[in-house]
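Asker: Any chance you can model this:
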Amino acid sequence: MNLQPLLDAPLAVQVHVAAVLPATVLGAYILMNAKGTPIHRLLGKIWMALMVITSLSSFFIHEINLVYGFSPIHLLSVFVLVAVWRAISAARAHNIRAHKAAVIGMYFGGIGIAGLFTLIPGRIMNAVVFSGGPSWILLLTLAGIAGALVLQQRLASRRT
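Answerer: Prediction:
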């Protein structure tokens with residue numbers, strides 16, 4: 001791993017990464033632990049704020065310039081902003097099913113799928129993760145994915 005490409009990156013990229021990395025780990029933790037508790041609500045608010053920061057900062061990142069500085073990946077940012085609103089609205093209305101769907105969609109779509117796109121050769125995070133040294137970012141990402149898979153398995157076993 002080599003942090004230099006990230007340190008040389010534009011401020012928007014640095015803010016984006018600084019928000020999404022803790023969101024990845026925190027999101028996995030929240031999804032795997034008890035729901036409805038005061039700590040769940042507090043950590044959920046922090047996670048939602050991190051997701052909003054992640055989404056908003058992405059609109060200032062223009063590495064892939066397909067349409068006036070934007071790319072299809074920016075659609076995920078719009079999706080996340082809408083999903084944050086839906087998740088909060090659903091939680092306030094005590095619609096747990098809709099809240100859960102919005103949050104899981106954000107985690108797997110907004111973090112998982114978008115995160116995989118950042119590892120494409122030529123992207124900054126590809127250079128960070130796959131060039132020299134220990135890959136702690138890759139390890140954190142894999143830990144988050146593993147945690148999410150465990151959660152998915154728990155949720156599936158509760159349905160049966």
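
Asker: contacting residues for the closest residue to residue 148 other than its chain neighbours?
Answerer: Leaving out its chain neighbours, the residue that sits closest to residue 148 by C-beta to C-beta, 6 or more residues apart in numbering is residue 28, at 5.5 Å. C-beta: built from backbone N, CA, C; applies to glycine. Residues in contact with residue 28 (C-beta atoms under 8 Å, 6 or more residues apart in numbering) are 107, 143-144, 147-148, 151.

Asker: what's the answer for residue 99, then?
Answerer: Applying C-beta under 8 Å, 6+ apart, the residues near residue 99 are 87, 90-91.

Asker: Would you show me how to pick out the buried ones of the residues you listed in PyMOL?
Answerer: Those of those that count as buried under 16 or more other C-beta atoms under 10 Å are selected in PyMOL with:
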select buried, resi 87+90+91
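
Asker: nearest to residue 123, of the contacts of residue 99?
Answerer: residue 87 (28.1 Å; C-beta to C-beta).

Asker: per-residue pLDDT, that closest one?
Answerer: Looking at residue 87, its pLDDT reads 97.

Asker: And for residue 5?
Answerer: Residue 5 is assigned a pLDDT of 80 by the prediction.

Asker: where's the residue nearest to residue 148, which helix or strand?
Answerer: Applying DSSP states H and E as the criterion places residue 28 in helix 11-32.

Asker: Helices of the chain, residue ranges please.
Answerer: 4-7, 11-32, 38-58, 73-92, 96-105, 114-118, 124-130, 136-159 (DSSP state H).

Asker: Dump the fourth one to CSV, keeping only the CA atoms.
Answerer: Yep, that's helix 73-92 we're talking about. Provided in CSV are the C-alpha atoms of helix 73-92 (Å, rounded to 0.1, in the frame of the first residue of the first chain):
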residue,chain,number,x,y,z
ILE,A,73,-21.0,6.4,-10.7
HIS,A,74,-22.4,9.8,-9.7
LEU,A,75,-25.9,8.2,-10.0
LEU,A,76,-24.9,6.1,-7.0
SER,A,77,-24.4,9.4,-5.1
VAL,A,78,-27.8,10.5,-5.9
PHE,A,79,-29.2,7.1,-4.9
VAL,A,80,-27.4,7.4,-1.6
LEU,A,81,-28.8,10.9,-0.9
VAL,A,82,-32.3,9.7,-1.7
ALA,A,83,-31.8,6.5,0.4
VAL,A,84,-30.6,8.6,3.4
TRP,A,85,-33.8,10.6,3.2
ARG,A,86,-35.9,7.4,2.8
ALA,A,87,-34.1,5.6,5.7
ILE,A,88,-34.6,8.5,8.1
SER,A,89,-38.2,9.0,7.1
ALA,A,90,-39.0,5.3,7.4
ALA,A,91,-37.3,5.1,10.9
ARG,A,92,-39.3,8.1,12.1
